[in-house]
Each structure stands twice: as structure tokens, then as C-alpha cells.
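Engineer: no FASTA, just this:
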């Protein structure tokens, strides 16, 4: 008799990033306590390197080999959800270590109709703290407001930097229900490069009224420069992706490409599950 499926699947998109070994090892104990399935999606990288790295992990990992010419985070997440078995989904970057308590606090919020993003992300590389005497402004937040034809305004916080610990928000570290993900057809893999693909999902979930957003908890980002991001992409790609998304919202098109990605790629991908 097969074992019951896990209630939580943690999906990690990957392309040629050695940090994944440290990340999986550091998160292993916490994820084990939540009986979480870990699904790593190789998209545009070296599958042999990844297979060797995952074989060294103490805890079994499912991994998906996506034959692609380059990294596409949205495509990787869509196909990772296809391979995952949990009804709760958490999108974890391959260079992020969760802090204690996040999942325990966040998962009950899903039953209340929310999805949760990580509130504070700190860097692993020590940075000088701001002068503690400068207390007139504690944080700087950026947000956009989208108003519907019916007069409802949805505010999307895109980032918040806190001066006390140098942390930023983590809108791409998303915990949500599978049915909420499917209700907006997941991520949009038509977006390219790096930037706004996570916020697009955050926006569509709120704009359609499928789920409300909550922010809580903390994580550590393994510090690196932007050269390690997808294709060395810069902020110009983020601006381009935002323009595409805004055009979709104005047309009332609030869907991703999850179903199309699964239909077009299901026969090409390889899903490697632990024995």
C-alpha cells in the first residue's frame, strides 16, 4: 500500500547554483518536522550535477528534469507543481534558508483564505547596520495600486526595506493552497529573464479576489551579486515583465500558463522520485 501524499510540497526552481546543497541541508530538519515533500526543478542547468548533489542529501528529494535552453522560473514552478503531491505549496529559492516558526505560523492562515509571503529576508553576508540614532523612518515600502472598474483598489506591496536589520520583504517566497494556484492558472511562463514573475502571481491572486495576502516570518538569503541571477538579467527585464503584466491586467486577463505548460511539456520532462 502506498503512503499517503504529503500535505505540503516545497518546490525549488534551479539552474546551475551550487548553493542548493547548503540550502537543502540547512532547511532539512524544519521541513522534516512538517513532513514536507521537496521537489527540485532543474530548468536549463546541468542535470548530472544536480543528480549527484541531491544524492548526497540526507533526506530524499524528488527532482524534475526540464529540458530547456535557459532558466525560466515560472515554467519551473508550474512543472514543479505538476510533479508535487501536496495540497499546500511553498515556493523556495535555492539560496534561501527559512527561519524557525515560519511554516507553523503561516500554514493555518491558508484555511482562512490567505496566501503568505515571507515578511523579512536578511542577508547572510554581514552588512553595517544603520545608525541607530536615525529613527525617524523605520522602513521604506514600495507598492502599486490597481483600481478595478467597480472602484475596488488593490494595493500590491512590491518591496519593503527595514533599516534596523537591513531586511527586505520576500514576495517570491510564497505559501499557498493548490486550489488557489490553479484558480489563476499558476505562474506565467511567457515572462522572461528575471523580475516580476513572482509579483505577477501575488497580484493576480489579490486582483481576482481568490486569496488575500499576509506577510510574516523570516528567512536568510545566501548573499551573491546579480550576475548569478537568470541569465545575468537586470532591472530592465523586470520593467519589461511588469509592462506585459500590466497590459494583461488592463485586458482583464488574469491567468497564468500552468495548464498549457503541463500539456506541452509533460511528455518531455522526467520526474525522479525517491525509491
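Structural biologist: Great, that's in hand. Please read these numbers as outputs of a predicted model, since none were measured by experiment.
Engineer: buried set for stretch 211-222?
Structural biologist: 211, 213, 214, 215, 217, 218, 219, 220, 221, 222 (16 or more other Cβ atoms under 10 Å). C-beta here means a position set from N, CA and C on the backbone, and glycine is covered the same way.
Engineer: Show the backbone phi and psi for residue 149.
Structural biologist: phi -60, psi -20 (degrees, to the nearest 10).
Engineer: same question, residue 194
Structural biologist: Dihedral angles for residue 194 - degrees, to the nearest 10 - are phi -130, psi 130.
Engineer: can you check residue 6 too?
Structural biologist: According to degrees, to the nearest 10, residue 6 has phi -70, psi 150.
Engineer: And for residue 215?
Structural biologist: Torsion angles, degrees, to the nearest 10, at residue 215: phi -120, psi 130.
Engineer: what's near enough to touch it?
Structural biologist: For residue 215, the contacting residues are 116, 117, 118, 119, 157, 169, by Cβ atoms under 8 Å, 6 or more residues apart in numbering.
Engineer: Disregarding flanking residues, what is the spatial nearest neighbour of the third one?
Structural biologist: Nearest in space to residue 118, with sequence neighbours left out and distances taken as Cβ to Cβ, 6 or more residues apart in numbering, is residue 170 at 3.6 Å.
Engineer: Tell me the secondary structure at that neighbour.
Structural biologist: The assignment at residue 170 comes out as strand when based on DSSP: H, G, I helix; E, B strand; the rest coil.
Engineer: Counting neighbours, what do you get for it?
Structural biologist: Other residues near residue 170 come to 22 when the count uses other Cβ atoms under 10 Å.
Engineer: Quick check: it touching residue 117?
Structural biologist: Yes. Between residue 170 and residue 117 there is a contact at 6.0 Å, judged by Cβ atoms under 8 Å.
Engineer: list the helices and strands the helix or strand hosting residue 175 packs on?
Structural biologist: Using DSSP states H and E, residue 175 sits within strand 168-177. Contact partners of strand 168-177 among helices and strands, from 3 or more Cβ pairs under 8 Å, 6 or more residues apart in numbering; DSSP states H and E: strand 88-91, helix 102-111, strand 114-123, strand 153-162, helix 197-207, strand 212-221.
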